[in-house]
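Enquirer: Okay, here's the prediction I keep looking at, along with the sequence it came from:
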Amino acid sequence: MQQPTAGAIGIANWTKVDVLTPYQRLTGETLKDQESLFHMRNVSAEPLLPGAVQLNGVPEGLFNKALIGGIRTIDPEPPPVDPQMETIRRYAMYQAAEFMVSGFAEFAKAASPEMHTELLLKGRFFQMFDVTVTVIGVAGKSWAQPNIWANRDHMLALFLG
């Protein structure tokens with residue numbers, strides 16, 4: 001018998017996240033859901049461009065997933081469902097209009113390299129590992145992260161090495 005998930009029985013599991021928008025890097029807590037809008041609480045924002053607003057501890061916010069460039073969970077996520085599946089990593093460089101992410105994409109070892117791009121882009125967000133995020137046009141605005149979920153809809157280019 002399948003166990004109900006926390007969301008199915010009304011228990012809210014808030015997850016601490018970093019969110020990248022075209023002009024701010026946000027930190028806060030959010031619920032994982034399938035809605036096009038998502039809620040955040042305890043929101044702080046680091047401006048990435050001149051004129052962007054700095055926020056500290058704002059109780060709540062509502063964000064449109066279509067306009068989010070990237071998101072990552074700060075706390076470790078549970079391991080994949082099939083830990084027996086062997087994976088390989090390929091260098092990947094993702095470019096959007098406002099930022100660039102360089103790091104690695106992970107694929108099932110059995111997947112054909114010709115299918116890697118299609119596998120990455122099948123969902124709106126795809127995961128990259130051991131990344132450097134660089135804000136384009138702003139000197140000194142880059143940082144390393146263990147992973148990020150990049151928004152395919154913001155993509156100008158994706159290069160796989």
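Expert: Sure thing, it's come through. Numbers count the residues shown, from 1 in each chain.
Enquirer: CA only for contacts and neighbour counts going forward, please
Expert: OK.
Enquirer: how near is the nearest residue to residue 47 once chain neighbours are set aside to residue 39?
Expert: Closest residue in space to residue 47, ignoring its immediate chain neighbours: residue 24 at 4.6 Å, by CA to CA, 6 or more residues apart in numbering. In this view, residue 24 and residue 39 are 16 Å apart by CA to CA, to the nearest Å.
Enquirer: what's the answer for residue 26, then?
Expert: If you measure residue 26 against residue 39 using CA to CA, the figure is 12 Å.
Enquirer: who has more neighbours, these two?
Expert: Taking other CA atoms under 10 Å, residue 26 and residue 39 do not tie; residue 26 has more neighbours (21 against 17).
Enquirer: for the more buried one, helix, strand, or coil?
Expert: What DSSP: H, G, I helix; E, B strand; the rest coil gives for residue 26 is strand.
Enquirer: is the closest residue to it other than its chain neighbours in a bridge, and if so with what?
Expert: Nearest residue to residue 26, sequence neighbours excluded (CA to CA, 6+ apart): residue 45, at 4.3 Å. Taking DSSP bridges as the rule, residue 45 bridges to residue 26, residue 55.
Enquirer: phi, psi of residue 65?
Expert: phi -60, psi -30 (degrees, to the nearest 10).
Enquirer: Over to residue 85?
Expert: phi -70, psi 120.
Enquirer: list the contacts for the spatially closest residue to residue 135 that is not a sequence neighbour?
Expert: Using CA to CA, 6+ apart and skipping the chain neighbours, the partner closest in space to residue 135 is residue 99 (4.3 Å). Contacts for residue 99 (CA atoms under 8 Å, 6 or more residues apart in numbering) come out as 22, 133, 134, 135, 136.
Enquirer: go on, residue 16?
Expert: Per CA under 8 Å, 6+ apart, neighbours of residue 16: 27, 28, 29, 30, 73, 74, 75.
Enquirer: before we move on, what about residue 153?
Expert: 66, 124.
Enquirer: Give me the distance between it and residue 13.
Expert: Using CA to CA, one gets 27 Å for the distance from residue 153 to residue 13.
Enquirer: Okay then, goodbye and thanks.
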